[in-house]
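> Here's a sequence, model it:
(chains A, B, C and D)
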2 protein chains.
Amino acid sequence: MSLSHALLTALAEHACSGSELAARFDRSIGYFWPATHQQIYRELAVLEKEGWVESLPPESGRGRKRVYRVLPAGLEELRRWVAAPRDPRPIRDEMMVVLRAEAVVGPTDLAASIEGRLERHREKLDLYRRIEARDFAGAMPSREQRLRHLVLRTGIASELLWIDLCQSAIALLKQADEEPTEGAGGGNGPPAAAPRSAPS
Amino acid sequence: MSLSHALLTALAEHACSGSELAARFDRSIGYFWPATHQQIYRELAVLEKEGWVESLPPESGRGRKRVYRVLPAGLEELRRWVAAPRDPRPIRDEMMVVLRAEAVVGPTDLAASIEGRLERHREKLDLYRRIEARDFAGAMPSREQRLRHLVLRTGIASELLWIDLCQSAIALLKQADEEPTEGAGGGNGPPAAAPRSAPS
DNA sequence: ACAACCATGTAAGTAGTTACATGATTTA
DNA sequence: TAAATCATGTAACTACTTACATGGTTGT
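Numbering: from 1, shown residues only, chains lettered A, B, ... in the order given. You can find the predicted model right below:
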């Protein structure tokens, strides 16, 4: 499970409390593995039971910051997990399903809803680029810095990919709206080519 | 929820049974929204209760194919869903977490495990390209064909992106292994640059 | 008629989301 | 000292996964 190991990583970078972890996630690892504070508190309890972290408890049992620190066993587990073989997660994106659906029930005003999503991707791209300029502007000496930069660059590339998809989709949908029936020789367009053998 | 609408889409393309849906998912929509047969059967029951599909029941209650067909209300729902506004799903990929973790606890032999993943992405890319050659080789007259091609091309671009990440990561990790300590002026490398203000 | 397989389904568990609760600290 | 906020947590729910079960069909 990734959340637990994302937490171990963050705590290894430096020890902190649950709420601080949640805040750090919101502007760092959370870009690529989001987590709410509820998840984080639950998972911290599990990590502690596993003996991977310890908490320096405050005076009372509740309402006060409880700082967590990684134990040697936790670092060991993290090292094991890093080198373990793993398969890629399949893509699972609504956009892909929506486009297929629109191909069947369209035309609709899908283009408008994609515009919104496009804007969201542009904001994310902008954010990543500002982080890149801030943290990775100069020479990149350390191994750690280079690895973190690679993660960020992949995030940037991913946003560019989705921006490209959104733009292509919008163009395609609008074009189809404007010329609902058309073709070189007129008529109502070729009849969906030859009956293919169940295309993908 | 996407699965229900992916099923509606598939059934709108043409009516079929649960097991046939599962098979079609394995070589089509399932590339971008995977689903097991258990999920599919459960969801079909829900769709039927909603009045979005109907099933032509076989003679006995069990053990025989039960063909599902979309009802007008189902098509209506699908049309509504397509145009509804939606946010992009955040990226959530273990790879990103693993690279951050390796930056903290490394060096490990992460490169070896990434090689495996790289191979998986190459296979997927190859598959998509074969599908593209098979289904989208000639002119692309129909709106439906163009939308489906766009989905596939995005899948291809996505695999290329991950292949690039895997290769960059492997190169970076190996390079760091070979020259664990080095620099223009020697020593054990610059001490992680200046203490920045908590880089991303 | 028996084995192998196919189609449908149940059950239990994991991960993540959303809504709400409570005690402590800070601020007006 | 009351209100607002912070830190920690509980509860209920949804989506997905994994393992298993059962009745029907097909092939030998």
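
> correct me, but residue A:31 touches residue B:93?
No: the pair residue A:31 / residue B:93 is not scored as a contact, 10.8 Å apart, by C-beta atoms under 8 Å. Where C-beta positions appear, they are placed from N, C-alpha and C, glycine not excepted.

> Find the nearest non-adjacent residue to the most centrally placed residue in chain A, please.
Within chain A, the residue whose C-alpha comes closest to the C-alpha centroid is residue A:32; the distance, by C-alpha atoms, centre = their mean, is 4.1 Å. For residue A:32, the nearest residue in space outside its immediate sequence neighbours is residue B:96; the separation is 3.6 Å by C-beta to C-beta, 6 or more residues apart in numbering or on different chains.

> hey, C-alpha coordinates of whichever strand or helix holds the one you found in PDB?
When elements are assigned from DSSP states H and E, residue B:96 belongs to helix B:94-105. Output in PDB follows, covering the C-alpha atoms of helix B:94-105 (Å, rounded to 0.1, in the frame of the first residue of the first chain):
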ATOM      1  CA  GLU B  94       3.200   4.500  -6.900                       C
ATOM      2  CA  MET B  95       6.100   5.300  -9.100                       C
ATOM      3  CA  MET B  96       6.100   8.900  -8.000                       C
ATOM      4  CA  VAL B  97       6.100   7.900  -4.300                       C
ATOM      5  CA  VAL B  98       8.800   5.300  -4.800                       C
ATOM      6  CA  LEU B  99      11.100   7.800  -6.400                       C
ATOM      7  CA  ARG B 100      10.700  10.200  -3.500                       C
ATOM      8  CA  ALA B 101      11.200   7.300  -1.100                       C
ATOM      9  CA  GLU B 102      14.400   6.200  -2.900                       C
ATOM     10  CA  ALA B 103      15.700   9.800  -2.600                       C
ATOM     11  CA  VAL B 104      15.400   9.400   1.100                       C
ATOM     12  CA  VAL B 105      16.500   5.800   1.800                       C
END
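
> residue ranges of the strands in chain A, please?
A:16-17, A:53-56, A:67-70 (DSSP state E).

> So, low pLDDT: which residues of chain A?
For chain A, the stretches with pLDDT under 70 are A:58-63, A:176-200.

> can you map out the helices along it?
For chain A, the helices defined by DSSP state H occupy A:2-13, A:18-26, A:37-50, A:72-83, A:94-105, A:110-135, A:143-178.

> is it possible to export those helices to JSON lines including mean neighbour count?
Listed next are the helices of chain A as JSON lines, based on neighbours: other C-beta atoms under 10 Å in any protein chain shown:
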{"stretch": "helix A:2-13", "mean neighbour count": "23"}
{"stretch": "helix A:18-26", "mean neighbour count": "18"}
{"stretch": "helix A:37-50", "mean neighbour count": "15"}
{"stretch": "helix A:72-83", "mean neighbour count": "18"}
{"stretch": "helix A:94-105", "mean neighbour count": "24"}
{"stretch": "helix A:110-135", "mean neighbour count": "16"}
{"stretch": "helix A:143-178", "mean neighbour count": "18"}
